[in-house]
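1. With the sequence up front, the predicted model follows.
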Amino acid sequence: MNVVTVNELTKIYHTGMKKGGITALDTVTLQIEPGEIFGLLGPNGAGKTTLFKLLLGISSVTSGEATLLGYPPSNPKSREKIGYLPENHRFPDHLTGLGLLMLTGRMFNLKDGVISKRADELLKLVDMTKWANTKIKKYSKGMLQRVGLAQAMINDPEVLFLDEPTDGVDPVGRAEIKNVMQKIRDDGKTIILNSHLLSEVEMVADRVAILQNGKLAKIGSVDEMTNKKLQYEIQAEFRETLFDIPSDIGKLQTLSRGRMVVELVDESKINW
């Protein structure tokens, strides 16, 4: 069963300022499989956050259908096994990291003993154990995002929604968050990642959907989306008539004045 199924999903906001309303999401169809990191990529205003809100039941669907873990988003059961880290979140800064996880766990009606054990595991996962009893107001942006990931996992969710998780984080912090996401995926969880950064999605996602002006522009694996080409440049003295590259090796792109550019079928052919 797909974790998420979306069919012809549309969301129109009626503000009174524009006749017919503003179409934030326009007949989007996609599926998200268990155990993958699925990236939603697009500029601000593309419809990424709107799709999040519809799947999480925060906003109502105008038309079309959506299911999350087999339930429509309006059904509270769809939210029992999900975790969510919103963009620009604000945690109570008088709490410690451990205190935040205890509070979040109680919101899920978990017993304190269960929360405490789970919190220890999660703080270790996100490398925040040494700051567990430090107040959140003293955390850096990267630390805030890592403890945010931990609180989103406190209920042991099957699906994790992450909205711009590395926004405003330095390169070292981004790498740390990427490693945490990969560990979560390796544990069998599904991650739905919302980002406007191609570099972030490219590093961690298994598949990507590109949204533009509320429409699904393209969907596929990272390699399909980035269309990576293995091109190598060779400079040497040779006769231009001598080169005939087998098709299973690659394709000659240019050959001129001792300079040859070859596009290889795969990197293992580099020593051909």
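-> Okay, I see it.

2. Check the gap between Glu65 and Ile184 for me.
-> 28 Å (CB to CB, to the nearest Å). Placement of C-beta: from N, CA and C, glycine included.

3. swap that for Glu164, please
-> Glu164 sits 17 Å away from Ile184, taking CB to CB as the criterion.

4. quick one: secondary structure of Leu103?
-> Following DSSP: H, G, I helix; E, B strand; the rest coil, the label given to Leu103 is helix.

5. what about it, how many neighbours?
-> Applying the criterion other CB atoms under 10 Å, we find 15 residues in the vicinity of Leu103.

6. does it really touch Gly97, like I thought?
-> No: the criterion here is CB atoms under 8 Å, and Leu103 misses it with Gly97 at 10.9 Å.

7. could you give the mean pLDDT of stretch 74-91?
-> Here stretch 74-91 scores 91 as its mean pLDDT.

8. What is the distance between that stretch and the centre of its chain?
-> Centre-to-centre, stretch 74-91 and its host chain are 15 Å apart (CA atoms, centre = their mean, to the nearest Å).

9. buried ones in it?
-> Along stretch 74-91, the positions that meet the burial threshold by neighbour count (16 or more other CB atoms under 10 Å) are Ser78, Arg79, Ile82, Gly83, Tyr84, Leu85, Pro86, Phe91.

10. Show me those residues that map onto strands.
-> Judged by DSSP state E, strands contain the following of the buried residues of stretch 74-91: Ile82, Gly83, Tyr84, Leu85.

11. Make CSV out of those and add distance to Leu125.
-> Formatted as CSV, these follow (distance: CB to CB, whole Å):
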residue, distance to Leu125
Ile82, 18
Gly83, 13
Tyr84, 17
Leu85, 14
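
12. Closest to Met143 out of the residues you listed?
-> Closest approach to Met143 among these (CB to CB): Leu85, at 13.7 Å.

13. pretty sure the closest one is in contact with Asp163, am I right?
-> Yes: applying CB under 8 Å as the test, Leu85 and Asp163 come out as touching, 6.5 Å apart.

14. Quick one: the helices in the stretch 101-250 of the chain, in order.
-> Under the criterion DSSP state H, counting those that start in this stretch, helices of the stretch 101-250 of the chain are mapped to 112-125, 141-152, 171-186, 198-204, 222-226.

15. Rounded mean pLDDT for the shortest one, please.
-> I take that to be helix 222-226. If you average the pLDDT values across helix 222-226, you get 77.

16. Distance-wise, check the residue nearest to Leu103 when sequence neighbours are not counted relative to Leu123.
-> By the measure of CB to CB, 6 or more residues apart in numbering, the closest residue to Leu103 outside its immediate chain neighbours is Leu95, 6.7 Å from it. Applying CB to CB, the value for Leu95 to Leu123 is 14 Å.
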